[in-house]
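>>> the following comprises the amino acid sequence and a computationally predicted model.
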Amino acid sequence: MAKSTKFEIYKDKKGHFRWKLLSRNGESVAEGGEGYSEKRGAMTAVKKLKEWASTTDIMDTTMPVVTKKK
């Protein structure tokens, strides 16, 4: 079993490079929706995702919006 989560870069059946995030037990928990013709594109996407995720807020859209009465 892996000690931490990790990103995996792989080639799909069409030869495009893709990424997926693997949990500690090796199961895929997220995958990129876009395939890249060059490995560099997938690597850049992963680097940006790691950077953005560290500063991103969580937005819960399942909660009703409460408006103040005037």
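Received it, and whenever you're ready, just let me know what you need.
>>> so where do the strands sit in this protein?
For the chain, the strands defined by DSSP state E occupy 6-11, 17-22, 28-31.
>>> and of those, who's closest to V66?
Comparison of these against V66 by Cβ to Cβ identifies strand 28-31 as nearest, at 30.8 Å. Any C-beta I mention is one placed from the backbone N, CA and C, and that applies to glycine too.
>>> buried set for the closest one?
Within strand 28-31, no residue is scored as buried using 16 or more other Cβ atoms under 10 Å.
>>> keeping just the C-alphas, turn that strand into CSV.
Taking C-alpha atoms only, strand 28-31 is exported to CSV below (Å, rounded to 0.1, in the frame of the first residue of the first chain):
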residue,chain,number,x,y,z
SER,A,28,-8.3,6.4,-8.6
VAL,A,29,-10.1,9.3,-6.9
ALA,A,30,-9.9,11.9,-9.7
GLU,A,31,-9.0,12.0,-13.3
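>>> comparing the strands of the chain, which comes out most buried?
strand 17-22 (a mean of 18; mean count of other Cβ atoms under 10 Å).
>>> so for that strand, mean pLDDT?
Strand 17-22 carries an average pLDDT of 97.
>>> relative to strand 6-11, how tilted is it?
Here strand 17-22 runs at 150 degrees with respect to strand 6-11, directions being taken by axes from the mean of the first three to the mean of the last three Cα atoms, to 10 degrees.
>>> let the chain start at 8 from now.
Done: numbering now begins at 8, and the last item shifts to strand 24-29.
>>> ok, residues contacting strand 24-29?
With contact meaning Cβ atoms under 8 Å, 6 or more residues apart in numbering, strand 24-29 is reached by 9, 12-19, 35-39, 41-46, 48-49, 52-53.
>>> what's the answer for stretch 51-70, then?
Residues outside stretch 51-70 that contact it (Cβ under 8 Å, 6+ apart): F14, I16, W26, G39, E41, Y43.
>>> just list whatever residues bridge to the second one.
This points to I16. Here I16 sits in beta bridges with W26, going by DSSP bridges.
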